[in-house]
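Colleague: Take a look and give me a structure for this.
(one chain, ligands or ions: 2)
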Amino acid sequence: MKLERVEIVHVAIPLVTPFRTSFGTMTAKDTFLLRVVTDRAEGWSEFAADPEPLYCSEFVAGAEIVLRDFLLPRVAALPRLTTAALAPAMAGIKGHELAKAALETAVLDAELRSYGMSLAAYLGAVRDRVPAGVSVGIKDSVPQLLDDVERYLAEGYVRIKLKIEPGWDVEPVRAVRERFGDGLPLQVDANTAYTLADAEHLRRLDAFGLLLIEEPLEENNLHAHALLQQRLTTPVCLDESLHHARDTASAIAMDACRVVNVKPARVGGYLEARRVHDVAHAHGVPVWCGGMLETGVGRAPNLALAALPGFTLPGDTSASSRYFAEDLTEPFVLRDGHLPVPTGPGIGVEPRPDVLRRFTRERRDLYP
Ligand SMILES: CSCC[C@@H](NC(=O)CCC(=O)O)C(=O)O
Ligand SMILES: [Mg+2]
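Modeller: Ligands and ions are numbered 1, 2, ... in the order given. I've put the predicted structure just below:
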């Protein structure tokens with residue numbers, strides 16, 4: 001393929017309800033899409049983070065600069081554009097995995113469309129639908145939390161994930177357990193909100209039979225997570241701390257994580273996400289597909305990844321209606337607690353032009 005044009009489309013879509021985590025409250029998905037035009041086909045992707053660097057160090061405005069000034073010049077200089085050639089071409093740029101993932105995914109979408117191959121087939125999917133978990137934010141009260149969990153279970157979600165932070169952890173988890181029973185697949189996500197000094201307090205969560213506790217401590221501190229894991233019976237799952245297959249292998253070797261949240265954007269794209277899956281699978285470590293409140297543009301490829309054999313736990317691959325009254329793509333609708341894996345060429349979806357126009361704030365060329 002030959003790179004002809006790259007457009008950046010800034011979009012802002014209101015969330016149906018505010019989403020509160022230990023690092024802040026989101027009320028809209030405010031990010032950008034990339035549209036890559038080649039001589040053979042075009043492809044789409046979605047940048048996974050937000051306007052502020054609160055979940056990780058990357059953010060919308062910074063990613064646009066990194067793409068325009070550093071990543072695209074290297075990719076445009078390739079004699080032949082293939083997805084496999086991108087990561088090596090961009091490797092000289094340190095970090096910025098989410099920006100790299102956005103570019104790689106749009107090129108991968110175009111390349112697979114030119115072959116008429118679905119991402120699911122390309123990655124090695126073994127299922128045509130995947131079970132959907134749901135991530136529930138921090139609430140103003142336990143009764144409000146219980147109402148939300150009840151509604152999501154009624155919609156069919158097969159696993160509940162509760163955001164926690166100091167002051168909102170043991171009590172809400174106990175209330176959900178008492179109300180919905182021990183059989184409910186239940187996990188928590190701290191988004192780095194605790195320290196090792198909280199270990200004794202976090203041990204109280206061991207009483208509730210949780211599937212896992214996600215990223216309890218500061219990002220990138222594998223040693224601290226390994227020390228914490230020695231004191232908990234609940235499996236530690238890492239998210240913010242894992243950036244590629246190599247550090248995933250280190251984390252597993254150090255017993256710093258017994259479950260892996262695989263987010264393609266966080267590890268630089270779907271090719272590396274598959275490597276993370278392979279490393280964890282080879283060590284008998286279960287993985288599940290994390291989420292970044294993606295629109296259908298980012299949700300579709302995540303569903304293809306979630307259909308790989310090592311994805312044995314339900315992911316944060318919720319229906320479009322979890323966050324959006326109207327999705328940029330045809331909505332993903334929950335059926336019997338599952339979402340369908342897209343079967344069309346590439347990521348299998350495209351933004352609907354009329355809806356995209358309505359939520360577009362700005363659209364311009366990043367290349368040439
Ligand atoms: C704004 S929070 C985004 C990161 C968070 N994601 C979720 O909780 C799931 C979001 C989703 O359902 O897509 C995580 O740390 O796992
Ligand atoms: Mg997380």
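Colleague: Could you use CA atoms for every contact and neighbour count after this?
Modeller: Noted.
Colleague: who in this protein is up against ligand 1?
Modeller: For the chain, the contact set with ligand 1 under CA under 6 Å from any ligand atom comprises S135, N191, G290, G291, M292, L293, E294, D316, S318.
Colleague: got CSV for these, with neighbour count and secondary structure too?
Modeller: Rendered in CSV, the data for these read as follows (neighbours: other CA atoms under 10 Å; DSSP: H, G, I helix; E, B strand; the rest coil):
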residue, neighbour count, secondary structure
S135, 24, strand
N191, 23, coil
G290, 22, coil
G291, 21, coil
M292, 18, coil
L293, 24, coil
E294, 23, coil
D316, 26, coil
S318, 26, coil
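Colleague: Make a markdown table from those residues and add pLDDT and distance to H243 to it.
Modeller: As requested, the residues of the chain next to ligand 1 are arranged in a markdown table below (pLDDT from 0 to 100; distance: CA to CA, whole Å):
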| residue | pLDDT | distance to H243 |
| --- | --- | --- |
| S135 | 98 | 22 |
| N191 | 98 | 15 |
| G290 | 98 | 13 |
| G291 | 98 | 15 |
| M292 | 98 | 15 |
| L293 | 98 | 19 |
| E294 | 98 | 19 |
| D316 | 98 | 18 |
| S318 | 98 | 23 |
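Colleague: for the one residue in the stretch 51-200 of the chain that gets nearest to ligand 1, what are its contacts?
Modeller: Using CA to the nearest ligand atom, S135 is the residue of the stretch 51-200 of the chain that sits closest to ligand 1, at 5.0 Å. Contacts for S135 were tallied using CA atoms under 8 Å, 6 or more residues apart in numbering; they are I160, K161, L162, K163, D316.
Colleague: and those, which are buried?
Modeller: I160, K161, L162, K163, D316 (16 or more other CA atoms under 10 Å).
Colleague: ok, which pair from the residues you listed is furthest apart?
Modeller: Of all pairs drawn from the buried ones among the contacts of S135, the greatest distance, 12.3 Å, lies between K163 and D316 (CA to CA).
Colleague: what are the ranges of the helices in this protein?
Modeller: Remark: helices of the chain, listed N- to C-terminal, are 60-66, 72-76, 83-90, 97-115, 119-123, 142-155, 170-180, 199-203, 222-229, 245-253, 270-282, 296-305, 353-359; assignment by DSSP state H.
Colleague: Can I get the second one in CSV, CA atoms only?
Modeller: Pointing back at helix 72-76 there. Output of helix 72-76 as CSV, limited to C-alpha atoms (Å, rounded to 0.1, in the frame of the first residue of the first chain):
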residue,chain,number,x,y,z
LEU,A,72,3.7,10.2,10.5
PRO,A,73,7.0,11.4,9.0
ARG,A,74,8.5,8.0,9.8
VAL,A,75,5.6,6.1,8.5
ALA,A,76,5.3,8.2,5.3
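Colleague: Could you name the helices and strands sitting against that helix?
Modeller: For helix 72-76, the helices and strands in contact under the criterion 3 or more CA pairs under 8 Å, 6 or more residues apart in numbering; DSSP states H and E are helix 83-90.
Colleague: State the separation between the helix it packs on and the centre of the chain it belongs to.
Modeller: Computed by CA atoms, centre = their mean, to the nearest Å, the separation of helix 83-90 from the middle of its chain amounts to 21 Å.
Colleague: do stretch 141-151 as well
Modeller: How far stretch 141-151 lies from its chain's middle: 24 Å, per CA atoms, centre = their mean.
Colleague: got it, and stretch 321-334?
Modeller: Between the mean C-alpha position of stretch 321-334 and that of its chain there is a distance of 16 Å (CA atoms, centre = their mean).
Colleague: With stretch 218-235 instead?
Modeller: For stretch 218-235, the gap between its own C-alpha mean and the chain's C-alpha mean amounts to 21 Å (CA atoms, centre = their mean).
Colleague: cool, stretch 201-221 as well?
Modeller: Taking CA atoms, centre = their mean, one finds stretch 201-221 lying 19 Å from the centre of the chain it belongs to.
Colleague: What helices and strands are in contact with the longest strand along the chain?
Modeller: Longest strand of the chain, by residue count under DSSP state E: strand 3-21. Packing contacts for strand 3-21, counted by 3+ CA pairs under 8 Å, 6+ apart, involve strand 24-38, helix 353-359, strand 360-367.
Colleague: Mind listing what's buried along the second one?
Modeller: Yep, that's helix 353-359 we're talking about. Of the residues in helix 353-359, those with enough neighbours to count as buried (16+ other CA under 10 Å) are L356, F359.
Colleague: neighbours around R364, how many?
Modeller: 10 (other CA atoms under 10 Å).
Colleague: K263 - nearest residue in space that isn't next to it in sequence?
Modeller: G290 (5.0 Å; CA to CA, 6 or more residues apart in numbering).
Colleague: Can you pull the phi/psi pair for the one you found?
Modeller: Geometry field for G290 lists phi and psi as phi -80, psi 180, criterion degrees, to the nearest 10.
Colleague: on that earlier part again, who does the longest strand of the chain pair up with?
Modeller: Sheet pairing here is set by DSSP bridges, and for strand 3-21 it gives strand 24-38 (antiparallel), strand 360-367 (antiparallel).
Colleague: about what we covered before: CSV for the buried ones among the contacts of S135, including distance to P51?
Modeller: Below are the buried ones among the contacts of S135 laid out as CSV (distance: CA to CA, whole Å):
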residue, distance to P51
I160, 27
K161, 24
L162, 24
K163, 21
D316, 21
